[in-house]
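Asker: After the sequence you'll find the predicted model.
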Amino acid sequence: MRGYFQSWRTVNASYRLGIQRKLMLRSPSQWLLDVQRQAVTDVPVAVHVRRGDYAANNVFGLLSTGYYSEALQHLRNQGHTGPVWLFSDDLHAAKEIVPEPWVPMRSPVGPQEELLAMSGASAFVTANSSFSWWGAWLSQSSNVIAPDTWFKASPEPAGLVPPSWTRITSQWA
């Protein structure tokens, strides 16, 4: 299956056709194997901050510290006490945005391993990004926070966010 898929309805239909939800790499790095083992004991909260090309595109919008603070507080109030694993395409900028102490997650191999590492978390704070959407979706976690308005200046695609995910008011940088 190839394409740009970011609809829980479309992806659910593919699983009914036999496509597996658990992704694996043929040759994972030692970093990924270690992170996957650590996720079992640490029960981390994955936080994804999307920057990169979003900084130059005002339509998508950059989520602010307020969004991440509120989302993390919601998960903490729900009893998620594990460490924050921070994933970002710009960790330097992300450290100014995410309020809690966190562990930077950067694979020496690349984003494919980071996506799999993210999917091992027990709870999620997603950005308005397909990368964090897929990390949360692949985890099958019921503890996912997503922005209430996905894009700052564009309509949200129908069927984007699963109804089981919690929506927190988007706050823009």
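Answerer: In hand now; what should we look at?

Asker: Can you give me the buried ones in stretch 51-71?
Answerer: When burial is assessed from 16 or more other Cβ atoms under 10 Å, stretch 51-71 yields the following buried residues: 51, 54, 60-63, 66-71. In short, each C-beta sits where N, CA and C put it, glycine included.

Asker: For it, give me every contacting residue.
Answerer: Residues external to stretch 51-71 that are found in contact with it (Cβ atoms under 8 Å, 6 or more residues apart in numbering): 47, 49-50, 88-90, 93-94, 96-99, 125, 127-129, 145, 147, 151-154, 168-173.

Asker: one step back: which one of the buried residues of stretch 51-71 is nearest to residue 10?
Answerer: Proximity of the buried residues of stretch 51-71 to residue 10, judged by Cβ to Cβ, is greatest for residue 60, which lies at 20.8 Å.

Asker: can you tell me which of the contacts of stretch 51-71 are in helices?
Answerer: Within the contacts of stretch 51-71, residues falling in helices by DSSP state H are 93-94.

Asker: Tell me the buried residues within the contacts of stretch 51-71.
Answerer: The neighbour-count test (16+ other Cβ under 10 Å) applied to the contacts of stretch 51-71 identifies 47, 49-50, 88-89, 94, 97-98, 125, 127-129, 145, 147, 151-152, 168, 170-171, 173 as buried.

Asker: so the residue most central in space within the chain, which of the three states?
Answerer: Centroid-nearest residue in the chain, with Cα atoms, centre = their mean: residue 132, separated by 2.8 Å. Following DSSP: H, G, I helix; E, B strand; the rest coil, the label given to residue 132 is helix.

Asker: And for residue 70?
Answerer: In terms of secondary structure, residue 70 is helix; the call rests on three-state DSSP.

Asker: now do the one 4 residues further on
Answerer: Following three-state DSSP, residue 74 is assigned to helix.

Asker: So it sits against residue 165, correct?
Answerer: No. Checked against Cβ atoms under 8 Å, the pair residue 74 and residue 165 is beyond contact range at 11.7 Å.

Asker: related to what we said a few turns ago, just the ones of the buried ones among the contacts of stretch 51-71 in strands?
Answerer: Secondary structure assignment by DSSP state E places 47, 49, 88, 125, 145, 147, 168 of the buried ones among the contacts of stretch 51-71 in strands.

Asker: out of the residues you listed, which one sits closest to residue 78?
Answerer: If you rank those by distance to residue 78 using Cβ to Cβ, residue 145 comes first, at 9.7 Å.

Asker: so that closest one bridges to which residues?
Answerer: With DSSP bridges applied, the residues forming beta bridges to residue 145 are residue 125, residue 166.

Asker: looking at it, it is touching residue 126, isn't it?
Answerer: Yes. At 6.7 Å, residue 145 and residue 126 qualify as touching, with contact defined as Cβ under 8 Å.
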